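1. Below: sequence and its predicted model.
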Amino acid sequence: MKGKTYINGLLLSLQFFTTLPIRRELPMDAVHLRAALRMFPLFGLLKGAVYGGAFYLLLEWSPLTVLGNAFLLWLLPIIWTGGLHLDGWIDTSDAFFSYRDRKRRLEILKDPRVGAFGVLSLIVLLAARFIFLYETVALADSRIAFILMLIPFYSQTITGLLINGVPPAKQEGIAYYFQKGKDSSLMIRYLGWLLAAAAILVMTGWTIGLFLLFTAASGAFMLFMRRSIMKNFGGITGDLLGAGIEGVETYLWMIVWLLVSTGME
């Protein structure tokens, strides 16, 4: 696969999952979708560089209070994605907490209306994330920015593995579309990206133990998510992937918050 194909694959991710104005007509055949899947971890690192860079700049240079800095960091992922993944979180919550059968849950996922469970779960998610961000900003130093780069890296890696390894719940939608690029060697390729992320962390002065903690926590979350998806929905959809991204990133922010709060970072 040529380098240009990988570049186009990365641009596809930016075009689909961010608000960046990628005004190019990109090829979307199986080869380029496969390249996009292979580049998901790099896409996550780029997103992590944006988040970590913002964290570093705000802690080092911002004249704002801790509350103001935390709010800007809380707002950044919403602006970056245009609320795309939060929409998936809302729809998934409405479907999951309906306690209906699979068929009805999939119908609720497609329903554009927002239910009470979706609203409540969104409030809990955003409130929890803000608390984790606020206390991390208040207690940590700017050096932790390198750790924050790992949060989107793991969320995008998990997304790629779910697309590649979980059957679609329906024969339409973004998850089904990206599965045209399924790759039997994806796990091995992602191991290479994991080693690269470990090297970055160690070179910036952090221990390998911290990397192993994040890897184990992310792997456990992925297994839980896969089991829950298959049990309750029978397969993956774009909404479920969006909910997974929001869930794992908030979960990893919680781990960072716990490490900082207990002085273990």
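-> Right, received. Where do you want to start?

2. ok, then the element right after the host helix or strand of residue 132?
-> Element membership for residue 132, per DSSP states H and E: helix 116-139. The helix or strand immediately downstream of helix 116-139 is helix 145-148, counting by DSSP H and E.

3. Output that next one as CSV, restricted to C-alpha atoms.
-> Provided in CSV are the C-alpha atoms of helix 145-148 (Å, rounded to 0.1, in the frame of the first residue of the first chain):
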residue,chain,number,x,y,z
ALA,A,145,0.3,16.6,28.9
PHE,A,146,2.2,13.6,27.5
ILE,A,147,-0.1,11.2,29.3
LEU,A,148,-3.2,12.9,28.0
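
4. Can you spell out which helices and strands pack onto that helix?
-> Judged by 3 or more C-beta pairs under 8 Å, 6 or more residues apart in numbering; DSSP states H and E, the packing partners of helix 145-148 are helix 40-61, helix 186-203. Any C-beta I mention is one placed from the backbone N, CA and C, and that applies to glycine too.

5. now with 6 Å?
-> Applying 3 or more C-beta pairs under 6 Å, 6 or more residues apart in numbering; DSSP states H and E, one finds that helix 145-148 contacts helix 40-61.

6. Now the helix it packs on: buried residues?
-> Buried residues in helix 40-61, counted by 16 or more other C-beta atoms under 10 Å: 40-52, 54-56, 58-59.

7. What mean pLDDT does that helix get?
-> Helix 40-61 shows a mean pLDDT of 94.

8. what residues does it touch?
-> 13, 69, 76, 142, 145, 148-149, 152-153, 156-157, 160, 193 (C-beta atoms under 6 Å, 6 or more residues apart in numbering).

9. Now the element after that helix, going C-ward?
-> Per DSSP H and E, helix 40-61 leads on to helix 66-81 as the next helix or strand towards the C-terminus.

10. Check which element follows that next one along the chain.
-> Scanning forward in sequence from helix 66-81 by DSSP H and E, the next helix or strand is helix 84-96.

11. From residue 149, how far out is residue 87?
-> In this view, residue 87 and residue 149 are 25 Å apart by C-beta to C-beta, to the nearest Å.

12. Likewise for residue 62?
-> Computed as C-beta to C-beta, the residue 62 to residue 149 distance reads 19 Å.

13. Looking at those two, which is more packed in?
-> Set residue 62 next to residue 149 and count neighbours by other C-beta atoms under 10 Å: residue 149 wins out with 23 against 14.

14. residues contacting that one?
-> Counting by C-beta under 6 Å, 6+ apart, residue 149 has contacts 48-49, 52.

15. Quickly name whichever of those residues is closest to residue 82.
-> Comparing the contacts of residue 149 against residue 82 with C-beta to C-beta places residue 48 closest, at 18.3 Å.
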